[in-house]
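Participant: Dropping the sequence and predicted coords here.
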Amino acid sequence: MPKNEIDYSTTIIYKITCNDPNINDIYVGHTTNFVQRKHAHKASCINEKSSNYKCKLYETIRCNGGWSNWKMEIINFFNCANHYEARIKEQEYFTLLNANLNSIEPLPKPKINIKSIQILEKKEKSTFYCQTCNVYLQNFQLLEIHKNTKKHIKLCNSTNLIEKKTVKFMCEKCDFFSDNKNDLKQHLHTIKHTVTENQPISTLVNENPKFKCVCGKIYKDKSGIWRHNKKCQGIKEPIEEVLEKHSEKQSNKEEPTINEIIEILKAQVIENQELRKLMIEQYKQIMDTASKSGI
């Protein structure tokens, strides 16, 4: 560190080139004292005891006519705030003039550590994942050992139980759903299921009367078409009509004749008389057994 702080407000960018036009080698540098820096370059090039004597720049100068055959020229002046900004400007001219005598770039790019990248890639490739336990393992052998642990087996069994519980039982005809098989068995013995199973689909559809409006909309009940009547525009009195199949079925029902009614009544009277005789006979038998037993 210098004793006095360097003032970079008068930063000078310079170059060192050969007087021979056939030699295109060039050096770029920066300084705040051009005369002092020129003297330092000359001393390092000539003095064998200098620490920079074997530097690339000075060896090239000595091989091509010595210091007297080279010149040091000012390229530009800059008002820099610190050493870092001066190096940035030097780097710009280093790349612009394609300088080849600098041993090190003014602002060298950070080198990528290939070994660290390869190690990371190996780690990523070597990991094995267990979705059930949410665990990463280094190799396949550890994964196999992990699969035989109690924790893994327990979690696998619990996941299988959850999957089994989610199975639903359904009756497509009645649109019935249940998670329990016993509920489905009870449903199969209900009156609703037996009626829908034994009755054809066409009759089930036709037995439900539907009401149709002039606008084309159909409703299952009167309340639905009544609510529609309030919103239907341009139609004051919607016509309610039952579907043709239902109306035909109702109209085709034949009323029983008087003779059929009389025959039905006679059959009921005969059945009642027979039941009365059976009851009297049973009563006599009960009385006989009671008298014999001495009750």
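Facilitator: Perfect, I can see it now. Residues are numbered from 1 along each chain as shown.
Participant: residues touching Thr10, list them.
Facilitator: When contacts are counted by C-beta atoms under 8 Å, 6 or more residues apart in numbering, Thr10 touches 32, 77, 79. Glycine gets a C-beta too; all of them are placed from N, C-alpha and C.
Participant: what's the closest of the residues you listed to Leu188?
Facilitator: Closest approach between the contacts of Thr10 and Leu188, by C-beta to C-beta: Asn79, at 95.6 Å.
Participant: Please name the nearest non-neighbouring residue to that closest one.
Facilitator: Nearest non-adjacent residue to Asn79, counting by C-beta to C-beta, 6 or more residues apart in numbering: Ser9, 5.0 Å away.
Participant: So what's the residue count around the one you found?
Facilitator: Using other C-beta atoms under 10 Å, Ser9 has 11 neighbouring residues.
Participant: Just the buried subset of the contacts of Thr10, please.
Facilitator: Thr32 (16 or more other C-beta atoms under 10 Å).
Participant: Show me which of the contacts of Thr10 is closest to His152.
Facilitator: Asn79 (69.0 Å).
Participant: measure that closest one to Ile191 for me?
Facilitator: Distance of Asn79 to Ile191, given as C-beta to C-beta, to the nearest Å: 101 Å.
Participant: Backbone dihedrals for Thr289, both of them.
Facilitator: Main-chain dihedrals, Thr289, degrees, to the nearest 10: phi -60, psi -30.
Participant: now it: how far from Gln282?
Facilitator: Using C-beta to C-beta, Thr289 is found at 11 Å from Gln282.
Participant: got the residue ranges for the helices in the stretch 101-250 of the chain?
Facilitator: In the stretch 101-250 of the chain, the segments counted as helices under DSSP state H, counting those that start in this stretch are 114-126, 140-147, 150-165, 181-188, 191-198, 201-207, 222-231, 244-251.
Participant: Lowest average confidence across the ones you listed, which one?
Facilitator: Mean pLDDT values for the helices of the stretch 101-250 of the chain show the minimum at helix 201-207, a mean of 49.
Participant: Pretty sure Ala99 sits in a helix.
Facilitator: No - counting by DSSP: H, G, I helix; E, B strand; the rest coil, Ala99 is not part of a helix but coil.
Participant: tell me the centre residue of the protein?
Facilitator: Centroid-nearest residue in the chain, with C-alpha atoms, centre = their mean: Gln131, separated by 16.0 Å.
Participant: quick one: pLDDT of that residue?
Facilitator: pLDDT, Gln131: 82.
Participant: List phi and psi for it.
Facilitator: Dihedral angles (degrees, to the nearest 10) for Gln131: phi -70, psi -30.
Participant: chain center to the helix or strand hosting Gln91, what's the gap?
Facilitator: According to DSSP states H and E, Gln91 maps onto helix 83-96. In terms of C-alpha atoms, centre = their mean, to the nearest Å, the gap separating the centre of helix 83-96 from the centre of its chain is 49 Å.
Participant: List of residues touching that helix?
Facilitator: Contact with helix 83-96 is made by 6, 8, 11, 13, 15, 28-30, 75-76, 78, 80, 99, 102, 105-107, as judged by C-beta under 8 Å, 6+ apart.
Participant: now do stretch 36-46
Facilitator: Counting by C-beta under 8 Å, 6+ apart, 14, 16, 29, 31, 50-53, 55, 57-58, 61-62, 66-67, 72 sit against stretch 36-46.
Participant: Alright, calling it a day.
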